[in-house]
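# have a look at this prediction, sequence included:
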Amino acid sequence: MKRPDVSKQELFATVPVAQALFAMAIPTVISQLINLIYNVVDTFFIGRTGNSYMIAATSLTLTIVLLNIALSNLFGVGAGSLVARLMGRGEPEQAKCAGAFGFYGAFAAALLYSSVIGLFLEPILRFLGASDATIGYARSYALIVVVFGSLPSVLSLTLAHLLRNAGYSGRASMGLSVGGILNAALDPLFMFVLMPKGREVTGAALATMLSNTIACLYLLLAYRRACGEAPLSMDLRAALKLKPKNIRALFGVGIPSAILTGLFDLANVCVNILAAAHNDFVLAAMGIVMKVERVPNAINIGICQGMLPIVAFNYSSGNHVRMRDVIRAGRRAGLLVAFASIALLETFASPFSRLFINTSADHAETALITLGFCTLFLRIRCLASPVQFINYHTSYCMQAMGNGVATMLHACVRELVFYIPFMFLLDRLFGAVGLAAAMPVGEAFGAAFALWLLHRSLKPHKADLLPQ
């Protein structure tokens, strides 16, 4: 762990690579895993009812919940990456302006998004595949978590990005962890004690919104405190002083990052529509699988987020040899996690699936059908873990270097050229099994393209930046 007397600049510039990556990545991995609780814990407790229709409904709403992440990436990753690069260039005043711009931009975007969803909630849910059996549950969850809860959710994630990129990875992790732990504690209270039977989805939504709000308040206090110690600010006047070239640089990274998440969300929309076309049990099973597979993904995204500010700092300061070493170390760690996850998920696919669907509850017959689909889909989709990590890793590297064009190109090609077309093709040829198989196939093609883009991004700076 980094010593208390090591400054943020020393951590980025001179501390041994493994130690620096460990100090930055461990808190982000923890925060990613606990942040994952926000969605996974709802599915877990709803699964205790054995009601496949409730599970299917929350799976549908995941797509509009994930757009909160896209908005936070637009301003959090965009401004956070810019803060790290400006620190590397020795421009602390503009770094403060970038932090303030990201904060107020996220605030405005969250309010606009929640208003739009509130106006068109019913048709949106129907488009996403809600049936007459699931629409009531989906409406209740989305109204509370998205329409009323987007602002604290988006602000929490944005503030965490800004803190992390200024070197306060531990504070960002703590804030998100507070929300995740609260959600796990409040879910059973709201679902099974405070709400009547049959209203478990509403209880889960209330617990999630309250947890997000408390986490947001904690992160606001942490960010305000950091403003006195680091080049960060929440002064509106500072936001207005961000130079036009830096605004362009912020959106040059933030827009591709948001598009990356948005296209991932679009892919989930397509999965849900295709799964719902089979039946609600396939939809519920796919929803469970997407929650289980997010555990190794969360670890690897945490590694990438911890790596990003170190890469950005050394890229801007011209220390490309250190940047190369950080990229290599991050790739090795992520691939290790990915292959370990394949071994675990292939071996324990059924027990992991049973965590999210109670086959001994009132709806045992339909729950067993859902469980069978879930086990099969999980064993197929987990094979994508290594190539999925390569996609994450290369995207974060290009974001760190401010290469928004390559990041956006990768996001578009990965989802629109490979994954989504394979989804429709394989579903048409092989049914629900083909739909599950589209993930490893599409991600493999996307990873190959990503590595080519990263090679082009690194080549002008150092011929040996890629791992040998």
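That came in fine, so what should we check first?

# quick one: the closest residue in space to residue 287 that isn't next to it in sequence from residue 436, how far?
If the residues on either side of it in the chain are set aside, residue 287 comes closest to residue 59, at 2.5 Å by CB to CB, 6 or more residues apart in numbering. C-beta coordinates here come from the backbone N, C-alpha and C atoms, glycine included. Residue 59 sits 14 Å away from residue 436, taking CB to CB, to the nearest Å as the criterion.

# returning to that earlier point: pretty sure the residue nearest to residue 287 is touching residue 269, no?
No. Using CB atoms under 8 Å, residue 59 makes no contact with residue 269, being 11.2 Å away.

# more neighbours, these two?
Here residue 59 and residue 269 are compared on neighbour count by other CB atoms under 10 Å; more neighbours surround residue 59, at 30 against 19.

# and the more buried one, what element?
Here residue 59, judged by DSSP states H and E, is contained in helix 52-72.

# run the chain-centre distance for that helix.
Between the mean C-alpha point of helix 52-72 and the mean C-alpha point of its chain there is a distance of 12 Å (CA atoms, centre = their mean, to the nearest Å).

# show me what counts as buried in the helix or strand following that helix.
Scanning forward in sequence from helix 52-72, with DSSP H and E defining helices and strands, the next element found is helix 78-88. Along helix 78-88, these residues count as buried under the neighbour rule (16 or more other CB atoms under 10 Å): 78, 79, 80, 81, 82, 83, 84, 85, 86, 87, 88.

# can you redo these as JSON lines with pLDDT?
Formatted as JSON lines, the entries for those read as follows, by pLDDT from 0 to 100:
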{"residue": "78", "pLDDT": "88"}
{"residue": "79", "pLDDT": "89"}
{"residue": "80", "pLDDT": "87"}
{"residue": "81", "pLDDT": "83"}
{"residue": "82", "pLDDT": "87"}
{"residue": "83", "pLDDT": "87"}
{"residue": "84", "pLDDT": "81"}
{"residue": "85", "pLDDT": "83"}
{"residue": "86", "pLDDT": "86"}
{"residue": "87", "pLDDT": "82"}
{"residue": "88", "pLDDT": "77"}
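
# quick revisit: pLDDT on the helix holding residue 59, on average?
For helix 52-72, the mean pLDDT works out to 84.

# okay, it in PDB with CA atoms only?
What follows is helix 52-72 as a C-alpha-only set of coordinates in PDB (Å, rounded to 0.1, in the frame of the first residue of the first chain):
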ATOM      1  CA  SER A  52     -39.600 -15.100 -12.800                       C
ATOM      2  CA  TYR A  53     -41.800 -12.200 -13.900                       C
ATOM      3  CA  MET A  54     -40.300  -9.900 -11.200                       C
ATOM      4  CA  ILE A  55     -36.800 -10.900 -12.300                       C
ATOM      5  CA  ALA A  56     -37.600 -10.300 -15.900                       C
ATOM      6  CA  ALA A  57     -39.000  -6.800 -15.100                       C
ATOM      7  CA  THR A  58     -35.900  -5.700 -13.200                       C
ATOM      8  CA  SER A  59     -33.800  -7.100 -16.100                       C
ATOM      9  CA  LEU A  60     -35.700  -4.800 -18.500                       C
ATOM     10  CA  THR A  61     -35.100  -1.800 -16.400                       C
ATOM     11  CA  LEU A  62     -31.300  -2.400 -16.200                       C
ATOM     12  CA  THR A  63     -31.000  -0.800 -19.700                       C
ATOM     13  CA  ILE A  64     -32.300   2.600 -18.600                       C
ATOM     14  CA  VAL A  65     -30.400   2.300 -15.200                       C
ATOM     15  CA  LEU A  66     -27.200   1.800 -17.100                       C
ATOM     16  CA  LEU A  67     -27.700   5.100 -18.900                       C
ATOM     17  CA  ASN A  68     -26.900   6.700 -15.600                       C
ATOM     18  CA  ILE A  69     -23.500   5.200 -15.900                       C
ATOM     19  CA  ALA A  70     -23.200   6.600 -19.400                       C
ATOM     20  CA  LEU A  71     -23.900  10.100 -18.200                       C
ATOM     21  CA  SER A  72     -21.500   9.800 -15.300                       C
END
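
# quick one: buried residues of it?
Using 16+ other CB under 10 Å, the residues of helix 52-72 that count as buried are 52-72.

# tell me the SS of residue 366?
Assigned state for residue 366: helix (three-state reduction, DSSP: H, G, I helix; E, B strand; the rest coil).

# residue 353 against residue 379, yeah?
No. The pair residue 353 and residue 379 does not pass the contact test of CB under 8 Å, sitting 9.8 Å apart.

# the more surrounded of those two?
Neighbours were counted for residue 353 and for residue 379 using other CB under 10 Å; residue 353 has more, 26 against 18.

# which residues does the more buried one contact?
Shown in contact with residue 353 (CB atoms under 8 Å, 6 or more residues apart in numbering): 288, 289, 292, 371, 374, 375, 378.

# elements contacting the helix or strand hosting residue 172?
Assigning secondary structure by DSSP H and E places residue 172 in helix 169-189. Taking 3 or more CB pairs under 8 Å, 6 or more residues apart in numbering; DSSP states H and E as the contact definition, the neighbouring helices and strands of helix 169-189 are helix 17-47, helix 150-165, helix 200-226.

# for it, which positions count as buried?
For helix 169-189, a neighbour-count test (16+ other CB under 10 Å) marks 169-180, 182-184, 186-188 as buried.
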